[in-house]
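*Asks:* what follows is a predicted protein model with its sequence.
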Amino acid sequence: MSSDASLITALVERWRPETSTFHIPLGEITITLDDVVTLSGLAIDDDAVVVDIPDEEWSAICLRLLGRVPADIVGGVAVVRIVWLMVEFNHLPRNASQEVIEQFARAYALSLMGGVLFPDRSGATVHLQYLLLIEDWQRAERFAWGAAVLSYLYREMGRSALHITHSGTSLGGDLGGWVALLQLWAWERFSHLAPRHSEMRAQISEDASPRGLRWLPVNSRQYGDQLFQYKLWFDAMDIVVVSI
């Protein structure tokens, strides 16, 4: 899904870290855990996503769980480039062993975490701490990934909102966190800002689960001065969809 940077910026400008809410003319509103599970299907009520501090060197962890180590991991460096994961784990060898299959699966999951669920502002690297969370697949499926995604997005929006407040300018860089989740939520809650339903894929029904699926083929709206237009809309906001 393409990202509507102007819509995201207009929302973050209204985010208040003190209350973790967006301020609109009708009051305060925020993304809830229920919104996350409805839109994404990610679990919200399982084990907390917590990483224990490892005793091993990061390079040793990388070798043990991925089967290879990038050349730029030295000393205390604990991140890998997502492009390295894409290149090194692009094609699963024929007749691969179970160990190799799991290494490729971890590489895919790690790139998903760094590129979609928990991206930093660069979107180019991912911390190896996430690799520890998928060392044991049975344990990994018991984590409340949805709750972790939401808390991470809250933190990133807070940082960006503070930047806007102190600098007086719009986002000084790409927003970290799962930005698509924020965009899906905005389309659902503020329906007049959403793309037309006729643009949605015909075979995806209105009651698709998770609900975010029905927006996947949709492109963002395009305006001459999008940010200014969104600011006007939010200033005049008089209706919100309460339930999605």
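*Replies:* Nice, I can see it.
*Asks:* so where's the protein uncertain?
*Replies:* For the chain, the stretches with pLDDT under 70 are 74-77, 163-174, 196-207, 217-225.
*Asks:* scan it for its longest helix.
*Replies:* Longest helix in the chain, counting residues (DSSP state H): helix 145-167.
*Asks:* and the contacts of stretch 36-44?
*Replies:* Identification of contacts with stretch 36-44 by CB atoms under 8 Å, 6 or more residues apart in numbering yields 33-34, 143-147, 149-150, 181, 184-185, 188, 209-212, 244. In this view, the C-beta of every residue, glycine as well, is placed from N, C-alpha and C.
*Asks:* for that stretch, list the C-alpha coordinates in CSV.
*Replies:* Provided in CSV are the C-alpha atoms of stretch 36-44 (Å, rounded to 0.1, in the frame of the first residue of the first chain):
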residue,chain,number,x,y,z
VAL,A,36,-5.2,-3.1,16.0
VAL,A,37,-6.6,-6.6,16.2
THR,A,38,-9.6,-5.6,14.0
LEU,A,39,-7.4,-4.0,11.3
SER,A,40,-4.4,-6.3,11.4
GLY,A,41,-5.4,-9.6,13.1
LEU,A,42,-2.3,-9.4,15.3
ALA,A,43,-2.7,-10.7,18.9
ILE,A,44,-3.1,-8.2,21.7
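*Asks:* any buried residues in it, and which?
*Replies:* Counting neighbours by 16 or more other CB atoms under 10 Å, one finds that the buried residues in stretch 36-44 are Val36, Val37, Thr38, Leu39, Ser40, Leu42, Ala43, Ile44.
*Asks:* and for stretch 105-115?
*Replies:* Arg106, Ala107, Ala109, Leu110, Ser111, Leu112, Met113, Gly114, Gly115.
*Asks:* now tabulate the residues you listed in a markdown table and tack on distance to Ile61 and secondary structure.
*Replies:* Converted to a markdown table, the buried residues of stretch 105-115 look like this (distance: CB to CB, whole Å; DSSP: H, G, I helix; E, B strand; the rest coil):
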| residue | distance to Ile61 | secondary structure |
| --- | --- | --- |
| Arg106 | 11 | helix |
| Ala107 | 13 | helix |
| Ala109 | 15 | helix |
| Leu110 | 12 | helix |
| Ser111 | 16 | helix |
| Leu112 | 18 | helix |
| Met113 | 15 | helix |
| Gly114 | 15 | helix |
| Gly115 | 20 | helix |
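*Asks:* what is the nearest of those residues to Ile73?
*Replies:* Leu110 (13.6 Å; CB to CB).
*Asks:* you'd agree Glu99 is up against Leu65?
*Replies:* No. Taking contacts as CB atoms under 8 Å, Glu99 lies outside contact range of Leu65: 10.2 Å.
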